[in-house]
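Peer 1: after the sequence you'll find the predicted model.
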Amino acid sequence: MELRFDWADQAVSGLASLRGIGLKGEEAERGTALVTQTAKVTPKYFMVALSANEVDTKRNIMLLRGKQWLDIPIVYEGGNRALLSIEKGSEGDRVFKDAFASWGQ
């Protein structure tokens, strides 16, 4: 996965890190983390690799298919923290189904 961030607030200079990606069924639930490895490419661009381990792959696919919300914990340069929550919705479900189909899943 590639995550790119852009913001209008000039006070924000960049992100220090992403603390994984969690998935959850409802907005108010606590997320279950995907098994990933995250790499910071620039202060606004991160790459997240899903584990290739067979057990982890099955777990990650189950979470990505079955959950509607993605949580991305963010740490800004300077130490402030935020939680970005994204609902997949029907369009997101379609995108994931298409991706899994193209991967033979």
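Peer 2: Nice, thanks for sending it over.
Peer 1: pLDDT below threshold where in the chain?
Peer 2: Across the chain, nothing is flagged by pLDDT under 70.
Peer 1: for the residue most central in space within it, list the residues it contacts.
Peer 2: The residue lying closest to the centre of the chain (CA atoms, centre = their mean) is residue 21, at 4.0 Å. By CB atoms under 8 Å, 6 or more residues apart in numbering, the contact set of residue 21 is 1, 33, 34, 36, 48, 70, 71, 72. The way it works is simple: take the backbone N, C-alpha and C, and place the C-beta from them, glycine included.
Peer 1: pick out whichever of the residues you listed sits closest to residue 85.
Peer 2: Using CB to CB, residue 71 comes nearest to residue 85 of the contacts of residue 21, at 5.3 Å.
Peer 1: residue contacts, that closest one?
Peer 2: By CB under 8 Å, 6+ apart, the neighbours of residue 71 are 21, 22, 23, 24, 31, 83, 84, 85.
Peer 1: can you give me the strands for this structure?
Peer 2: 2-4, 15-18, 22-24, 32-33, 36-42, 45-50, 69-76, 81-87 (DSSP state E).
Peer 1: hang on, the earlier thing: of the contacts of residue 21, keep whichever come out buried.
Peer 2: Buried members of those, scored by 16 or more other CB atoms under 10 Å, are 34, 36, 48, 70, 71, 72.
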